[in-house]
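Asks: next comes the sequence, and after it the predicted model I'd like to discuss.
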Amino acid sequence: MPGWPHPDEAALLDGVELISTDLFDTLLLRTVRSERARIIAGERRFARKLVEQGLTVAESSLVEARLAAQRLAYRALDMADQDGEVVLRDIIRRQLLVLGVPKAGVEELCEIRLAIELAIEKDSLRPNRELAALLRRCRGEGRRVVAISDIALPTATLEALVAHVHGPDLLDRIYSSADLGLTKRRGDLFHAVLATERIDARRTLHVGDDRLADHVVPSALGLRTLHLPRPKLRRRLSRLHGAASELGRVLRRPTAPGRMPAGHVSDPHGFGREVLGPIVAEFCLAIWLYADEAGKRGDAALLFCARGGLGIRAAFERLAERLSLPLALPRENLMISRLVAARAAIMARSGAALDELGREFSGASFAGVAAALGGKRYELLQSWDEPFVPERFFAMLERPAGEDILADIDRQNALFRRHLASVSTGAKRIILCDTGLYGSTQRLLAAGLPDLSFETIQFARCNYKGLSEDHFPRVVGLAVERNRYSPFAVRSTVLRYWQLIESLFEPAIPSVRSFTEDENGEVICNAGDIAFGAVDPSIGNPLLAGALAYIDGVGSGAAVMADAARAWPWLRRAVTRPVDADLAALAIGERSVDFGRAGVVGDGEALSGGMLSRIASIRSQLWREGAIARAFPRTRLPLLTALEAFHALRGLSAGFHR
């Protein structure tokens, strides 16, 4: 054991009446068998047990659902402002519900899976004999000896593991974060243990391997600590073992039957149904897994952001109903846009607002920015006609000429805050659901409304703007989190043609710009009534209509995951190597500029002029690969191959320089 025997054990234990120890990688030493390998082995056994119960679920589906449920549960937990812990039983329950296991048998199956988890853990642990000997000596001297573990496993399972590895009567008690809903890493579990044991922190010694949870936090609380880090070589061997296990799982993954196109699909509805449908359904499963964990802690609301969130919610609610996925978390649609969020940040004088305004209004005048934010044209001094400089804007608003503008911004912000309080039912934890990429709305609202806790779950997260990433820890890209496309990461395909995802989810309504009150004093906006059911986002949107048609026919989450595994490569081929059918299916036309401005952007049907002129025009296109295919129909294959090779080399270069 690293750092043991201690050079001065007598001094270490002098005055100590309680010894607490971490369990895993401290008292219970793990072999190099990785967590990924343990999960795969456990799901393999679980698949056989399910067959005995009359249920047939593929091992690969069990692994995929378990990994997704576990990953998203911890992401949701990390966002919570209060302490808490993920519980393995909840992960298993979500895994089974997603896979379509009847609710009536879920609790019994959870017990079976927990028993398998215990058996797998027993095979993956060895004793720390030196530490155990110290703890037995301390118990013999009359000191209390307890274990404190940040783990998703219940106390009963931990007691069984300790008894299996070390025999009986080693510990007086075990405290599990899963059972108490408190953790070492936030300190509350230590407080609870000291209170229960009725002991002063200064008379307590805590032993553990994790620098934060077992040394930094308890030391700050006054406990003595003995930090026993896991050897670096063992950590590296475990990571290698995990990578090998994952590779083996991927290679063994069967090709499950599913509905996928046999050839190219030229109509948007068909492409939406056969390709985008499984991807959207997979995204909705991830939303549910995240939201179900977040809902455990209460005082939270899930708000779908206009406009893209309206299409997302239409798909989400339909899938949740189709698969009978329960969700107690309150959810509503939110009248929001980056313009609305920017007003809140402006009232807080946040630099985040200046970043957004500077990017969106490059080349515009101060007067143009004022008109967008205030919602009308103002009679202003000549200085307001000068080119917009973000660093000067707050000072301009504070001058007499800016009083009316600031008053209108404040009035609009007040109406929005009333609307937000209404749809969130007063919750302090606000979970925004949007398309992506940068999370501007999240960043601006967090800056403008610091009394609330904002987090965002969205389809993808990417810093395409090159601005601050300080808010990224509170923005989750459920499908992809990368800053650029890579041919080696199939889900990053959406970064090559992001406007496709935006247009997929956005209904044909204007962006939210202004608020007023109706005759009943309720806050309304220029986009009209966007409450769930009031707007059908699939009208005039064949891609979304097709995706919803896929959801209407889906039988289980296992089918969704199998279909999505094939849909992603299909989407990559259609986006990066489009043929005429793809050009017809994926053309999205013109899109509004938004942010309080008139105007549209979009890909033209064809690029004109000579070769150099057409090449130069490609950079301004929303879908560059599509533009190449249209402009150079005879030579598009070598051009697209060269472009893909460029992205591959750039991705490899970025990897070498990390």
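Replies: Right, received. Where do you want to start? Small disclaimer: the values here were computed from a predicted structure and weren't measured.
Asks: alpha carbons only for contacts and neighbour counts from here, please
Replies: Will do.
Asks: give me the low-pLDDT residue ranges for the protein?
Replies: 1-7, 232-263, 590-593, 596-617, 653-658 (pLDDT under 70).
Asks: find the centremost residue of it, please.
Replies: Ranked by distance to the mean C-alpha position of the chain (C-alpha atoms, centre = their mean), the top residue is residue 476 at 2.8 Å.
Asks: so what's the backbone phi/psi at it?
Replies: Main-chain torsions, residue 476, degrees, to the nearest 10: phi -110, psi 120.
Asks: now swap in residue 424 and tell me
Replies: phi -90, psi 0.
Asks: burial count for it?
Replies: 22 (other C-alpha atoms under 10 Å).
Asks: ok, and the closest non-adjacent residue to it?
Replies: residue 301 (5.5 Å; C-alpha to C-alpha, 6 or more residues apart in numbering).
Asks: next one: residue 542
Replies: residue 269 (4.6 Å).
Asks: count the residues that sit near that neighbour.
Replies: Residue 269 has 22 nearby residues by other C-alpha under 10 Å.
Asks: that one sits in which helix or strand?
Replies: helix 268-271 (DSSP states H and E).
Asks: so after that helix, what's the next helix or strand?
Replies: With DSSP H and E, the next secondary element past helix 268-271 is helix 277-294.
Asks: wait, what's in contact with the residue nearest to the centre of the chain?
Replies: 75, 456-458, 460-461 (C-alpha atoms under 8 Å, 6 or more residues apart in numbering).
Asks: please name the residues that touch residue 181.
Replies: Here residue 181 is in contact with 83-85 (C-alpha under 8 Å, 6+ apart).
Asks: what about stretch 428-440, start to end distance?
Replies: 20 Å (C-alpha to C-alpha, to the nearest Å).
Asks: need the contact partners of it.
Replies: 80, 299-306, 308-309, 312, 338, 356, 424, 442, 451-465, 472, 475, 477, 501-502, 505.
Asks: now do stretch 350-359
Replies: 342-343, 345-346, 369, 388-391, 393, 440, 443-444, 447-448, 467.
Asks: list the buried residues for it?
Replies: Neighbour counts over stretch 350-359 (16 or more other C-alpha atoms under 10 Å) mark 350-358 as buried.
Asks: please save the CA atoms from it in CSV.
Replies: Provided in CSV are the C-alpha atoms of stretch 350-359 (Å, rounded to 0.1, in the frame of the first residue of the first chain):
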residue,chain,number,x,y,z
SER,A,350,-22.5,41.6,-18.1
GLY,A,351,-19.7,41.2,-20.6
ALA,A,352,-21.4,38.2,-22.0
ALA,A,353,-24.0,40.5,-23.6
LEU,A,354,-21.2,42.5,-25.2
ASP,A,355,-19.7,39.4,-26.6
GLU,A,356,-22.9,38.4,-28.3
LEU,A,357,-23.8,41.9,-29.5
GLY,A,358,-20.3,42.3,-30.9
ARG,A,359,-20.5,39.1,-32.9
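Asks: so residue 303, which of the three states?
Replies: strand (DSSP: H, G, I helix; E, B strand; the rest coil).
Asks: circling back: enumerate every residue touching the residue nearest to residue 542.
Replies: Contacts of residue 269 (C-alpha under 8 Å, 6+ apart): 542-547, 585.
Asks: name the nearest of those relative to residue 44.
Replies: residue 547 (32.1 Å; C-alpha to C-alpha).
Asks: tell me which element the closest one is part of?
Replies: Counting by DSSP H and E, residue 547 is found in helix 542-553.
Asks: so what does that helix touch, helix or strand wise?
Replies: helix 268-271, helix 277-294, helix 308-322, helix 498-505 (3 or more C-alpha pairs under 8 Å, 6 or more residues apart in numbering; DSSP states H and E).
Asks: make TSV from those helices and add distance to residue 227 to it.
Replies: Shown next, in TSV, are these (distance: least, C-alpha to C-alpha, whole Å):
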stretch	distance to residue 227
helix 268-271	56
helix 277-294	32
helix 308-322	46
helix 498-505	47
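Asks: please name the bridge partners of residue 19.
Replies: residue 145, residue 205 (DSSP bridges).
Asks: doesn't residue 141 make contact with it?
Replies: No: with contact defined as C-alpha atoms under 8 Å, residue 19 does not reach residue 141; the gap is 11.9 Å.
Asks: more crowded one of the two?
Replies: Counted by other C-alpha under 10 Å, residue 19 and residue 141 do not tie: residue 19 has more neighbours, with 22 against 10.
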